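Undergrad: have a look; sequence and predicted model below, questions after that.
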Amino acid sequence: MTDRYQTFTTTPLGKTLVKNLGLPDPTPLPRWTEGSPVIDGPVVFGAIGETDAGKAVQALLRDIGAAFSTVTEGVASSTIRPKAIVFDATGATSTADLTSLQRFFSPVVRQLAPAGRVIVVGRTPELASSPEQHIAQRALEGFTRSLGKEVKRGATVNLVYVAPDAHEQLDSTLRFFLSPKSAYVDGQVARIGTGPLVSNDPSRPLAGRTALVTGAARGIGASIADILARDGATIIGVDVPQNADPLRKVISKIGGTELLLDVTAVDAAQRIAAHAQEQHGGLDIIVHNAGITRDRRLVNMRTDAWDAVLDVNLRAPERITKHLVESGALRDGGSIIGVSSMAGIAGNNGQTNYATSKAGVIGLVQALAPALAERQIRINAVAPGFIETEMTAKIPFTIREVGRRINSLQQGGLPIDVAETIAWFADPASAGVTGNVVRVCGQSMLGA
Amino acid sequence: MTEPRKVAVVAGNRIPFARQDKTYRHASNSDMLTAALNGLVDRTGLGGQEVGEVVAGAVLKHARDWNMVREVVLGSKLAPTTPAYDIQQACGTGLEAAILVGNKIALGQIDAGIAGGVDTASDAPLAVNDRLRNVLLDLNRAKTYPDRLKVLARVRPKDVVPEIPRNAEPRTGKSMGDHAALTALEWGITREAQDELAYNSHINLAKSYDRGFQNDLITPYLGLEKDQNLRPDTTLEKLAKLRTAYGKGETATMTAGNSTPLTDGASAVLLSTDEWAQEHGLRPLAYLTHSQTAAVDYVKGAEGLLMAPAYAVPRMLARAGISLQDFDYYEIHEAFASQVLSTLKAWEDPIFCKERLGLDAPLGEIDRAKLNVNGSSLAAGHPFAATGGRIVAALAKQLDENGGGRGLISICAAGGQGVVAILEK
């Protein structure tokens, strides 16, 4: 699916019209390709005092070979154009410290390169050591969400809350938010807790792992399978028999096995478990991507449309998760990823069934995360916004145009953006990342 | 109430099955059923006599044939005082007819009856479409000429396009073959296994003709003496060369060779008590001892359209107190080779048997040498309602020839249904 308007804005006529009429001017977002560095340009680092988190950030920047300079409050170099600005705010112990946000960012943010990254690292407010710190840390969210709307030219702003003593868990998350892998993740908050330290090869973080992807034959699911395989995972692609042929095309390209079944079948969970055990000796990653829409306003909603959407989108992931966890088919240290939706957060006209199911997915994440943590199993969800797929290509033109533009990046995302976010959740090095729902929506105005 | 009586299968007869639009293209359902029935009457010497009831049906039926079976009886060699009625349960019609006749015999309501079925895919009923039908009905209701003209003015060119009966499920719009293709994929049924089953069907049916087994089961009709679809000289190589007909791309496995073709034909079976048979100089070939139907919810896709027999059989086995292996013959109607193989695989699968059938252990494997020993629908063809009668008669005869034993009949039907039965001697 091509965005014709965005293509038009790059033509001479398009450029003139966009400039003079004040039309949306979406910046083409670079995506990460294999072999590229995490970040392609200088990084500016700032902090409120010296903290463990700050040290961890600097260690990582050195690790990935980023040229970074530490900037003190109120001073910004006018000579560099940073590709990323990382600010460690974990040291903010009271609202007095919030002054530093303005003093640090106002001069430097102007210099941010196109498709740049702003990352603020804070302390998880609920785990702050005092009410004063809690208040200050909670305030950061308003700052990053607003700045996300202010920075232009494809730049993103995200907030990473880190729990006390969890600074060693920052690596995989910072890599994700610094790199073009997070191109369409904007205005989000990620929460990192403590967990076992896992050191793996960042170029193949999923090597030796087996990942189940439901709905893998097309669209976002096919992209998820591709990206997880790129990161080293062996894929079990699941789809309904109707999609046998496209599924085979996806799987034959990346290796792995196909499993044809309807996730709503009474024995789907048992079949998946048996397949995983027999063919792969077990499972490490589950991506509940299979989903359907049957849009109707509630007054016209047919019972079969209501039931089908809830069965596929919510009840199946719930039942399959339960069985794979309880049967032990999902190994300890595994990662479960749900696919929620912007509609599940903001609601959407004509999607009571879909939004119910997708909000339920958030419930699934929040309800299971604490208990699963005992087995070091993590559960998170992505909530895609407007993603350019065959499905969205069928939306009528006007609605599609509005859907594309009403976000900070003024464009739709790509399936790979969802896939990369899932790969970050799947990474064993993200051991401290659980219970998160991260939107892949370009900071959509809906439900923000 | 008295004990149920034993139900004997005494004789059976059918006309050879013809491929669609070939030898029987101008024969109606009534013509073919009459031929099959008269052949049975001739062979059993029942000419001019009355039997308790004749029960039969057709899947594709003209509206004018609303009382088809009674009309066929009136035009047959049976006494005109023989009652009759029509039934329809898609491809299960023929076997269901035998079960209904058998039940009345068991309960003492009749002593003998004939069950049958017929179908034509050639002389199919075309209907005017709903719009034109409504216009014509309104025209009939109009009282005055101006009113009639007004109604007629509503006719549009597109209204003359007739509605042709489709071999598709009304609720999914998919053909039966497309449904079966999905089930085949789900169960991982290979092209090779399907072709092998089709090959065996042709070889077994050809052998049964060669040894004269079919002689007293068939009455030639319109010059046809054997099933027109039978290819005694087929080979696995020939079957392997056919293009796929259902499913898409490299995952498609179903061809015209391993799926049944549309066919025309009719069959009839005589059932009775032991005493009635003896009085009429006939003898039981086998007894109809158990039967069962089941249906699955295929609409939402959670179960395959043709998987209902997989549910019906274990319920019947439980009632009979026997296992799947306690049979000498298995007659599993070959709607598609993949249907037979999916069913067998499901019975071997511990997850299916536990989660879907609620059984502690899988039903297990069957001895394939006992499967469709005289060929089945892939070779003979499958005029929908006529298949039940073909199988009941042939299995009864096979049990008799064997000097006893037990046989399983399993037939899948449109609408996600299955009809199954046990014959014993």
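TA: Ah, there it is.
Undergrad: give me the number of residues near whatever residue of the stretch 51-200 of chain A ends up closest to chain B?
TA: The nearest approach of the stretch 51-200 of chain A to chain B comes at residue A:184, 31.9 Å away (CB to the nearest CB). (C-beta placed from N, C-alpha, C; glycine too.) The tally of other residues near residue A:184 (other CB atoms under 10 Å in any protein chain shown) stands at 30.
Undergrad: these two touch, right, it and residue A:417?
TA: Yes - under the criterion of CB atoms under 8 Å, residue A:184 makes contact with residue A:417 at 3.8 Å.
Undergrad: so what's residue 323 up against?
TA: Going with chain A. Counting by CB atoms under 8 Å, 6 or more residues apart in numbering or on different chains, residue A:323 touches A:269-270, A:272-273, A:329.
Undergrad: try chain B instead
TA: If you count contacts by CB under 8 Å, 6+ apart, then residue B:323 has B:317, B:363-364 around it.
Undergrad: on the three-state scheme, whatever residue of the stretch 101-250 of chain A ends up closest to chain B is what?
TA: With CB to the nearest CB, the shortest gap between the stretch 101-250 of chain A and chain B falls at residue A:245, namely 3.4 Å. Here residue A:245 is helix, with the state taken from DSSP: H, G, I helix; E, B strand; the rest coil.
Undergrad: hang on, the earlier thing: now the buried members of the contacts of residue B:323.
TA: B:317, B:363 (16 or more other CB atoms under 10 Å in any protein chain shown).
Undergrad: number of residues surrounding the residue of the stretch 101-250 of chain A closest to chain B?
TA: Using other CB under 10 Å, residue A:245 has 15 neighbouring residues.
Undergrad: that one against residue B:248, yeah?
TA: Yes - Residue A:245 is in contact with residue B:248 according to CB under 8 Å; the separation is 5.3 Å.
Undergrad: which residues in the stretch 151-300 of chain B form strands?
TA: Assigned by DSSP state E, counting those that start in this stretch, the strands in the stretch 151-300 of chain B fall at B:244-246, B:254-255, B:263-272, B:286-295.
Undergrad: could I get those in JSON lines, plus columns for mean neighbour count, mean pLDDT and distance to residue B:341?
TA: Formatted as JSON lines, the strands of the stretch 151-300 of chain B follow (neighbours: other CB atoms under 10 Å in any protein chain shown; pLDDT from 0 to 100; distance: least, CB to CB, whole Å):
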{"stretch": "strand B:244-246", "mean neighbour count": "19", "mean pLDDT": "91", "distance to residue B:341": "14"}
{"stretch": "strand B:254-255", "mean neighbour count": "23", "mean pLDDT": "95", "distance to residue B:341": "11"}
{"stretch": "strand B:263-272", "mean neighbour count": "33", "mean pLDDT": "97", "distance to residue B:341": "21"}
{"stretch": "strand B:286-295", "mean neighbour count": "20", "mean pLDDT": "98", "distance to residue B:341": "19"}
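Undergrad: hey, what's in contact with both of residue A:184 and residue A:417?
TA: Residues touching both residue A:184 and residue A:417 (CB under 8 Å, 6+ apart): residue A:440.
Undergrad: closest to chain A out of the strands of the stretch 151-300 of chain B?
TA: When the strands of the stretch 151-300 of chain B are compared by CB to the nearest CB, strand B:244-246 sits nearest chain A, at 11.3 Å.
Undergrad: tell me the strands beside the closest one, with direction?
TA: In the sheet, strand B:244-246 lines up against strand B:254-255 (antiparallel) (DSSP bridges).
Undergrad: measure the residue of the stretch 251-400 of chain B at minimum distance from chain A to residue B:127 for me?
TA: Of all residues in the stretch 251-400 of chain B, the one sitting closest to chain A is residue B:355 (3.4 Å; CB to the nearest CB). Applying CB to CB, to the nearest Å, the value for residue B:355 to residue B:127 is 42 Å.
Undergrad: closest to chain B out of the contacts of residue A:323?
TA: Nearest to chain B out of the contacts of residue A:323 is residue A:270 (CB to the nearest CB; 4.7 Å).
Undergrad: the closest one contacts residue B:350, doesn't it?
TA: No - at 9.0 Å, residue A:270 does not count as touching residue B:350 under the criterion of CB under 8 Å.
Undergrad: quick one: contacts for the closest residue to residue B:342 other than its chain neighbours?
TA: The shortest distance from residue B:342 to any non-neighbouring residue, by CB to CB, 6 or more residues apart in numbering or on different chains, is to residue B:187 (4.4 Å). Residue B:187 sits next to B:338, B:341-342, B:345-346 when contact means CB under 8 Å, 6+ apart.
Undergrad: including secondary structure and neighbour count, could these go into JSON lines?
TA: Below are those laid out as JSON lines (DSSP: H, G, I helix; E, B strand; the rest coil; neighbours: other CB atoms under 10 Å in any protein chain shown):
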{"residue": "B:338", "secondary structure": "helix", "neighbour count": "32"}
{"residue": "B:341", "secondary structure": "helix", "neighbour count": "23"}
{"residue": "B:342", "secondary structure": "helix", "neighbour count": "24"}
{"residue": "B:345", "secondary structure": "helix", "neighbour count": "19"}
{"residue": "B:346", "secondary structure": "helix", "neighbour count": "23"}
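Undergrad: pLDDT and distance to residue B:240 for these - can I get that in a markdown table?
TA: Below are those laid out as a markdown table (pLDDT from 0 to 100; distance: CB to CB, whole Å):
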| residue | pLDDT | distance to residue B:240 |
| --- | --- | --- |
| B:338 | 97 | 15 |
| B:341 | 98 | 16 |
| B:342 | 97 | 20 |
| B:345 | 97 | 21 |
| B:346 | 97 | 25 |
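Undergrad: what residues does the stretch 101-250 of chain A put near chain B?
TA: A:240-242, A:244-245, A:248 (CB under 8 Å from any CB of the partner chain).
Undergrad: who wins on neighbours among these?
TA: For these, neighbours were counted using other CB under 10 Å, and residue A:244 has the most, 25 neighbours in all.
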